[in-house]
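Chemist: need a structure here:
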Amino acid sequence: MRVLVLGAGVAGASVAWSLARRGAEVVVVDRLHDGAATLAGAGIVRASLGITEPGFVEAYAAAVRHYPRAMRDLAADLGRDAADEVGYRVVGGLWLSRDDAALAGVEARLRAFGPEQVGTVSRLDPAQAREAFPAAAPDLAAVHVTRAARVDGRRLRLALLAAARAHGATVHDDDARLSPDRTAAELASGDRLEADHVVVAAGTWTPAVLAPRGLGVPITPQRGQISHLGLPGTDTSHWAVATAIGSSHYLLAFDDSRVVTGYGASGLTLGPYLGERVADDVLGLPSADDAAGLAALDPARFGAGAR
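Modeler: Sure thing, here's the model as predicted:
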């Protein structure tokens, strides 16, 4: 089976790897434009209190559970420590506030999740919160979960593509759109690639990729806001992921004395898990996960023919 994957951010790269390691002939096409979400993602991998839609809630839970296995499988394919290479580490997560009622509300919501998604939930006083995230203000208490992680999206994307190539996938640096006829893509270079299936994972460029077939999904660009702050001489390798209650702003840290400030996230949490589920669908394989929950993510929900 030959599959074209249009887009090589974390979503497309995850699909390509999952397909190639199962024996599909995979061709990836992507011109990594400025503004690609994977290149700007801060790197949170954890439960989200902001996601409430049926299907997405279950997908988040499954995605958090999936990450350790994905790291083991990636290491096996690359022949080296993939978790270290992509900056993946379980560091715990904090929700910070001065308001005890707000903390109690978040704690109750987190305890409603299963332990496989959030681990152990506990309250931290301000001193304990600063131990977990030393840059926190001294009067902020927190709710803490043990099962939260971070990953470097740029490095994860490269590792996924390397693993896909190890299984025979090829990657074209080009723009592509669906062909008006048949299961094919037309490249900006003038080449035409045909396949048995085409997976569109082009992010904000998806409407343009789909346009020749008269298909549409309501995807629009989202402004990203992120800062990388250096703290020379500071060991930030085990700092927790931190979020201020009542805000979408969050902070996380990496091993190189670097703190990242971001606004809004989901793709790096969901990417590896949903990539494998899309590969299941393309290959006609049964999924071990809840079919009804995954059906809620079907692009056909946007209208006839969107799939």
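Chemist: can I see the domain layout of the protein?
Modeler: By the assignment in automatic domain parsing, the chain contains the domains 1-87+152-221+266-307, 93-147+225-263.
Chemist: deepest of those domains, which one?
Modeler: Of all the domains of the chain, domain 1-87+152-221+266-307 has the most neighbours on average by mean count of other CB atoms under 10 Å, namely a mean of 19. C-beta: built from backbone N, CA, C; applies to glycine.
Chemist: ok, Ala185 touching Val28?
Modeler: No: with contact defined as CB atoms under 8 Å, Ala185 does not reach Val28; the gap is 10.8 Å.
Chemist: residues contacting Gly203?
Modeler: Taking CB atoms under 8 Å, 6 or more residues apart in numbering, we find Gly203 in contact with Gly7, Gly9, Ala11, Ala36, Ala37, Ile219.
Chemist: flag the shaky bits of the stretch 151-300 of the chain, pLDDT-wise.
Modeler: The stretch 151-300 of the chain contains residues with pLDDT under 70 at 263-265, 288-294, 296.
Chemist: can you show me the strands along it?
Modeler: 170-172, 176-178, 184-187, 192-194, 197-200, 226-230, 241-244, 249-254, 258-263 (DSSP state E, counting those that start in this stretch).
Chemist: tell me which of those strands lies nearest to Ala136.
Modeler: strand 241-244 (6.5 Å; CB to CB).
Chemist: how far out from the middle of the chain is the closest one?
Modeler: 18 Å (CA atoms, centre = their mean, to the nearest Å).
Chemist: what does that strand contact?
Modeler: The contact list for strand 241-244 (CB under 8 Å, 6+ apart) reads 44, 46, 91-97, 132-133, 135-136, 142, 148-150, 249-252.
Chemist: the same query, at a cut-off of 10 Å, please.
Modeler: Outside strand 241-244, the residues that touch it by CB atoms under 10 Å, 6 or more residues apart in numbering are 42-46, 48-50, 90-98, 106, 129, 132-133, 135-137, 140, 142-143, 145, 148-150, 249-253, 259-260, 262, 265.
Chemist: could you dump the strands of the stretch 151-300 of the chain to JSON lines with distance to Leu110?
Modeler: Formatted as JSON lines, those follow (distance: least, CB to CB, whole Å):
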{"stretch": "strand 170-172", "distance to Leu110": "40"}
{"stretch": "strand 176-178", "distance to Leu110": "42"}
{"stretch": "strand 184-187", "distance to Leu110": "43"}
{"stretch": "strand 192-194", "distance to Leu110": "46"}
{"stretch": "strand 197-200", "distance to Leu110": "34"}
{"stretch": "strand 226-230", "distance to Leu110": "25"}
{"stretch": "strand 241-244", "distance to Leu110": "12"}
{"stretch": "strand 249-254", "distance to Leu110": "15"}
{"stretch": "strand 258-263", "distance to Leu110": "20"}
